[in-house]
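Sequence plus predicted model, see below.
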Amino acid sequence: FFDLKMAIKLESTQFVPPHQTQMLNKDTLGQISQSTRIPTPQPKLKFQAILDLPVNQFVPRSVECLTTLQIDTLRYMYDPMEKKREVINERLSRIGNLIKQHHQLPDFSKLTEVSQDDRVYLGIVQSCNQVGTAVTCTVDGLWTPDVSYGYNVGLKLDDVPSYSLFPGKIFAFKGRNIGGNRPDSGTNATIIVSEIYEAPLLPHAATQRNIKMEEDNEQPTRVAFISGPFGADQPRTMKQIEELVTFVYHKRKASVVVLSGPFVAAMADGKVDDQMMYDDQFDALTEKVSALVEACKGLKVIVIPSLKDLVAEYVFPQPMYDVDFDNNAILGLGNPSSFLINKDITIGICTNDILQHIAGTLVEVQADQSLARIPRVAREVIRSHNYYPLMPAHHDAQVDYTLCQHCDFQSTTPDILILPSFLPAFAQKVEGTLVINPGLIRKHNFAEVTVGAGQGLVADRATVEIFKLM
């Protein structure tokens, strides 16, 4: 009897081998991806749909890189404080000179010097907060003995009718320094502000060019923006990229496709496998993109990295992927970067989610209701002349401040600013720039912009369609 019970117990608990699983590698990825299908893209949101810009034929376009990021060593959180302050001082001085010239202001006064009359100061926001109608703001200035040398100053903004603030914003202001050292708030003085002076806009790239349109240039230019994360696994990612690129090339006649990462992202639970596995997956994906470009004659593909990518450098600003594409029609760029299409359209892109990061810290009083909140956040980016002006940065941003000069706009503002974000997709003209959040493929969105030939602002001769994968 005892032996029979033991036999029944052993039989019920014996090990049953699992079904054989297929190991993922560069060969099996392509086989598995053939069995997956993605939903059909459908137009969901349109910008300036009144413009009739049909693209009935494919016209090849030239693409030229405007920014390069060549860095020998990348060391996040190892930037010396002296070097960090030197870079911030340089940015403060440069934007301060632009503000002084634009508004015709006198020389800036020392932040901590008590005064009975109004003076003009220059500062960068260290922290700001709003509780109800009460706003607290602390600013810092140039770290020089004649300006602030590290002292923080609190601002009373009750007399200013309308303004917006976020940590890292540089602006000038007029007011009286009433002194008052407050150790509880960490400020060394208080300034009663009566007026704020914003930084002027840089000229738009399109207004600085005067080119003669050739016959091909008279045709509208169509560009597609597809941003990751993509599928839940690598086979689906490859299939999504293949079908989307084929769709925008054959169906929509797009001449340029911008693919931004992450292409190989960690799973939702943070689980990671052997690093070589991810390298193999990325190699397979680059081979797939190269094959697509070979099949789509004349198509240009631009590849942008992301901080969430497991095969890219984990620091911002971010160099391009360490990979050599076999096709000259594929252009690998850094993050952020800007490029010129057909010597006519300047596009800037940053995959670090600056919209979401600033939106969580932005303080607005009597905000401009002609724009929704997210486009107002984009306006702060444009006015800052920088792709990531938030300082201190969000904990996910991984900013190396000694390299933050690579995040500055060039001498002009991009005609089109692409800011992929987890926030809802949108397209809107902001301060003369066409700002687009194409959305994420993980959220079933991507964007397509069509620019007509002509002179003047690109935003005035462009239409945008946000597609939804239905």
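Yes, it's here.

Please state the offset of the host helix or strand of Val120 from the chain centre?
When secondary structure is defined by DSSP states H and E, Val120 falls within strand 119-131. Centroid separation between strand 119-131 and its chain, computed with CA atoms, centre = their mean, to the nearest Å, is 24 Å.

Can you give me the buried ones in whichever helix or strand comes after that strand?
Later in the chain than strand 119-131, the nearest helix or strand by DSSP H and E is strand 134-140. Along strand 134-140, these residues count as buried under the neighbour rule (16 or more other CB atoms under 10 Å): Val135, Thr136, Cys137, Thr138, Val139, Asp140. In short, each C-beta sits where N, CA and C put it, glycine included.

Check which helices and strands strand 134-140 sits against.
Applying 3 or more CB pairs under 8 Å, 6 or more residues apart in numbering; DSSP states H and E, we find strand 134-140 packed against strand 119-131, strand 153-156, strand 363-365.

looking at the ones you listed, which is buried most?
Ranked by mean neighbour count, the helices and strands packed on strand 134-140 are led by strand 153-156 with a mean of 20 (mean count of other CB atoms under 10 Å).

Provide the strand pairings for that strand, with the direction of each partner.
strand 134-140 (antiparallel), strand 189-197 (parallel) (DSSP bridges).

Check the ones you listed for me: which has the lowest mean pLDDT.
Lowest mean pLDDT within the strands paired with strand 153-156: strand 134-140, a mean of 88.

Between strand 119-131 and that one, find me the angle.
Orientation check (axes from the mean of the first three to the mean of the last three CA atoms, to 10 degrees): strand 134-140 against strand 119-131 gives 130 degrees.

can you offset everything so residue one is 194?
All right, first residue 194 from here; so that's strand 327-333.

Just the residues contacting strand 327-333, thanks.
Strand 327-333 has contacts (CB atoms under 8 Å, 6 or more residues apart in numbering) with 304, 316-323, 341, 343-348, 350, 358, 378-380, 556, 558.

let's see it at 6 Å
Strand 327-333 is contacted by residues 316-322, 345-348, 350, 358, 380, 556 when judged by CB atoms under 6 Å, 6 or more residues apart in numbering.

Counting neighbours, what do you get for Asn521?
Using other CB atoms under 10 Å, Asn521 has 8 neighbouring residues.

quick one: it from Val494, how far?
With distances taken as CB to CB, to the nearest Å, Asn521 is found 11 Å from Val494.

per-residue pLDDT, Val248?
Listed pLDDT for Val248 reads 86.

Could you name the specific helix or strand carrying it?
Val248 belongs to no helix or strand when assigned by DSSP H and E.

Just want the phi and psi numbers for the residue nearest to Ser255 when sequence neighbours are not counted.
Spatial nearest neighbour of Ser255, excluding adjacent residues (CB to CB, 6 or more residues apart in numbering): Asn535 at 5.5 Å. Taking degrees, to the nearest 10, you get phi 60, psi 30 for the backbone angles of Asn535.

which among the contacts of strand 327-333 gets closest to Glu391?
Leu358 (11.1 Å; CB to CB).

give the contact list for the closest one.
Shown in contact with Leu358 (CB under 6 Å, 6+ apart): Val318, Cys321, Cys330, Val556.

Any chance of a markdown table for the strands paired with strand 346-349, columns distance to Pro299?
As requested, the strands paired with strand 346-349 are exported to a markdown table (distance: least, CB to CB, whole Å):
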| stretch | distance to Pro299 |
| --- | --- |
| strand 327-333 | 19 |
| strand 382-390 | 12 |
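
To Gln309, which of those strands lies closest?
Nearest of those to Gln309, taken as CB to CB: strand 382-390 at 11.4 Å.

now the closest one: how far from the chain's centre is it?
32 Å.

got the contact list for the helix or strand just after it?
Downstream of strand 382-390, the first helix or strand assigned by DSSP H and E is strand 414-420. Identification of contacts with strand 414-420 by CB under 6 Å, 6+ apart yields 248, 254, 437, 441, 447, 449-453, 611, 613, 631, 633, 639-644.

Leu596 and Pro510 touch, don't they?
Yes. Leu596 is within contact range of Pro510, at 5.5 Å (criterion: CB atoms under 6 Å).

quick one: which of those two has more around it?
Comparing Leu596 with Pro510 by other CB under 10 Å, the one with more neighbours is Pro510, at 25 against 18.

who's in contact with the more buried one?
By CB under 6 Å, 6+ apart, Pro510 lies in contact with Leu262, Leu596, His599, Cys600.

need the contact list for the closest residue to Arg635 other than its chain neighbours.
The shortest distance from Arg635 to any non-neighbouring residue, by CB to CB, 6+ apart, is to Pro422 (4.6 Å). By CB under 6 Å, 6+ apart, the residues touching Pro422 are Pro455, Ala458, Arg635.

now swap in Val280 and tell me
Shown in contact with Val280 (CB under 6 Å, 6+ apart): Tyr594, Thr595, Cys597.

a strand runs through Leu533, doesn't it?
Yes. Leu533 forms part of a strand when assessed by DSSP: H, G, I helix; E, B strand; the rest coil.

measure the closest residue to it other than its chain neighbours to Ile538 for me?
Nearest residue to Leu533 in three dimensions, chain neighbours excluded: Glu257, at 4.5 Å (CB to CB, 6+ apart). Per CB to CB, Glu257 is found 11 Å from Ile538.

Looking at the two, which one has more neighbours?
Using other CB under 10 Å as the criterion, Glu257 and Ile538 rank with Ile538 on top: 25 against 12.

quick one: contacts for the more buried one?
So Ile538 contacts Asp608, Val644, Val651 (CB under 6 Å, 6+ apart).

While we're on it, how confident is the model there?
You'll see Ile538 listed with a pLDDT of 94.

can you list the weak-confidence ranges in the stretch 194-343 of the chain?
Scanning the stretch 194-343 of the chain for pLDDT under 70 picks out 194-233, 263-271, 338-343.

Check which helix or strand His587 maps to.
Assigned by DSSP H and E, His587 belongs to neither a helix nor a strand.

Please spell out which residues along stretch 367-386 are buried.
In stretch 367-386, counting by 16+ other CB under 10 Å, buried: Lys367, Gly368, Arg369, Asn370, Thr380, Asn381, Ala382, Thr383, Ile384, Val386.

contacts for it?
For stretch 367-386, contacts defined as CB under 6 Å, 6+ apart pick out 305, 307-308, 311, 313, 331, 344-350, 353, 366, 387-388.

got it, and stretch 282-293?
Contacts of stretch 282-293 (CB under 6 Å, 6+ apart): Leu315, Ile317, Leu335, Trp336, Ile363, Ala365, Tyr390, Ala392, Pro393.

Between which two of those is the distance greatest?
Taking CB to CB, no two of the contacts of stretch 282-293 sit farther apart than Trp336 and Pro393, at 24.4 Å.
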